[in-house]
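>>> Curious how this folds, go ahead:
(one chain, ligands or ions: 4)
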Amino acid sequence: AAKAAGGGRRHWFDPALDRAADETAHLSADLRRALAQEEMLVLFQPIVDLRTEATVGAEVLVRWQHPERGLVSPDVFVPLAERNGVIVELGYWVLEHACRHAAAWQVRYGDRAPTKISINVSARQLAQPDFVERVEKVVRETTVDARALVLEVTETAVFSTDVAIPQLTALRKLGLKVALDDFGTGHSSLSLLIDCPVDVLKVDKSFVSGPTADGAGAIITRNLIGFVNDFGIEAVAEGIETRVQAAWLRRAGYRLGQGYLFGCPMPAADLERRFAPPKED
Ligand code: C2E
Ligand code: MG
Ligand code: MG
Ligand code: MG
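Ligands and ions are numbered 1, 2, ... in the order given. Reported below is the predicted structural model:
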């Protein structure tokens, strides 16, 4: 629907597309209210060690539980929030929730607590002149150990603003890590690994599912890991859905993975069960 509304091929006389555009406008206007009324929630998708399948971290993924529409996908509302600017406040809201959970786990479980809590950051957030200051404030107020936090940015976000690299550099000085998300989509270039301060490379699922097809995708995926390791960067293979993919990636040298095979995005309490010591009763 969003595509239809924004695309250049829209016919003004098509009532279906008109409705789609209307819907998009409504949803967009509704976002501010939704944030105020706590209709947003965060889920955590496990990031696992491919050898042991132990949960070492989680990606924080926002959801919108709309009173009439039900669950709205972030693929729909995040781009709308980007356009109308709500993403800035939504982003801090997600960060705060993630940090509160992470801080509580650090207190309760110490060394067992996940060390890679990954939070998506959009272009618009990264462009805010006070982004570093506000992240620092959330870290301080939630008392989270910032070394367990990873900020996921896309190459597009990094290139969209001049302040991206200095901001990411400053955040790293505070102890946070930086991940390059969706690597392999768009026009990701390896030179970005030199220009941009990157700790983690998230290899997109389009590459992860490639290996079984045994084509060019497999060659890139296999060689990318050596290159990445030599740079001292960690890689997370995203979107792993099958045992065959997981085994192939492990043999190729990938240590970390994420995908429905290991767990869908889940509430904090369910994630916690994965790394908490078993309860005795
Ligand atoms: P992403 O950051 O690349 O997140 C990974 C997406 O892949 C998630 O979709 C996740 O549920 C999905 N996924 C995980 N494992 C598998 C798998 O095995 N197979 C397949 N087919 N998909 C898998 P989700 O949660 O719908 O989020 C979509 C996108 O929305 C995210 O892509 C991210 O770009 C954006 N997003 C989500 N939460 C936030 C947020 O808090 N802030 C911002 N700025 N963007 C967010
Ligand atoms: Mg991500
Ligand atoms: Mg991704
Ligand atoms: Mg994505």
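
>>> CA atoms for contacts and neighbours, from now on please.
OK.

>>> Just to check, residue 61 is in contact with residue 46?
No. At 10.9 Å, residue 61 does not count as touching residue 46 under the criterion of Cα atoms under 8 Å.

>>> Mind listing the shared neighbours of those two?
Shared contacts of residue 61 and residue 46, defined by Cα atoms under 8 Å, 6 or more residues apart in numbering, are found at residue 265.

>>> neighbour-wise, which of these two wins?
Comparing residue 61 with residue 46 by other Cα atoms under 10 Å, the one with more neighbours is residue 46, at 28 against 18.

>>> Could you look up the SS state of the more buried one?
Following DSSP: H, G, I helix; E, B strand; the rest coil, we place residue 46 in the strand state.

>>> Is it bridged to anything, and to what?
On the basis of DSSP bridges, residue 46 is bridged to residue 58.

>>> Now do the contacts for it.
Residue 46 sits in contact with 55, 56, 57, 58, 59, 258, 259, 262, 263, 264, 265, 271, where contact means Cα under 8 Å, 6+ apart.

>>> Using JSON lines, please lay out those together with distance to residue 225.
Formatted as JSON lines, the contacts of residue 46 follow (distance: Cα to Cα, whole Å):
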{"residue": "55", "distance to residue 225": "21"}
{"residue": "56", "distance to residue 225": "19"}
{"residue": "57", "distance to residue 225": "20"}
{"residue": "58", "distance to residue 225": "21"}
{"residue": "59", "distance to residue 225": "21"}
{"residue": "258", "distance to residue 225": "16"}
{"residue": "259", "distance to residue 225": "18"}
{"residue": "262", "distance to residue 225": "21"}
{"residue": "263", "distance to residue 225": "23"}
{"residue": "264", "distance to residue 225": "25"}
{"residue": "265", "distance to residue 225": "25"}
{"residue": "271", "distance to residue 225": "28"}
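
>>> ok, of those residues, which come out buried?
55, 56, 57, 58, 59, 258, 259, 262, 263, 265, 271 (16 or more other Cα atoms under 10 Å).

>>> The fourth one against residue 113, yeah?
Think residue 58. No. Residue 58 lies out of contact with residue 113 (Cα under 8 Å); the separation is 10.8 Å.

>>> Up against ligand 1, what does the stretch 151-281 of the chain have?
Residues of the stretch 151-281 of the chain lying near ligand 1 by Cα under 6 Å from any ligand atom: 182, 239, 240, 241, 259, 260, 265.

>>> List just the nearest of those residues to residue 148.
residue 265 (18.8 Å; Cα to Cα).

>>> nearest spatial neighbour of that closest one, skipping sequence neighbours?
residue 45 (4.0 Å; Cα to Cα, 6 or more residues apart in numbering).

>>> pretty sure the one you found contacts residue 55?
No. Taking contacts as Cα under 8 Å, residue 45 lies outside contact range of residue 55: 9.7 Å.

>>> sorry, back to before: if you look at the contacts of residue 46, which of them are in helices?
Within the contacts of residue 46, residues falling in helices by DSSP state H are residue 271.

>>> Closest to residue 72 out of the contacts of residue 46?
residue 265 (14.4 Å).

>>> so who does that closest one touch?
Residues near residue 265 by Cα under 8 Å, 6+ apart: 43, 44, 45, 46, 61.

>>> Also residue 87?
Applying Cα under 8 Å, 6+ apart to residue 87 gives the contacts 78, 81, 122, 124, 125.

>>> Which helix or which strand is home to the residue in the stretch 151-281 of the chain that ligand 3 sits nearest to?
Distance from ligand 3 to each residue of the stretch 151-281 of the chain (Cα to the ion) is smallest for residue 182, at 4.2 Å. Element membership for residue 182, per DSSP states H and E: strand 177-183.
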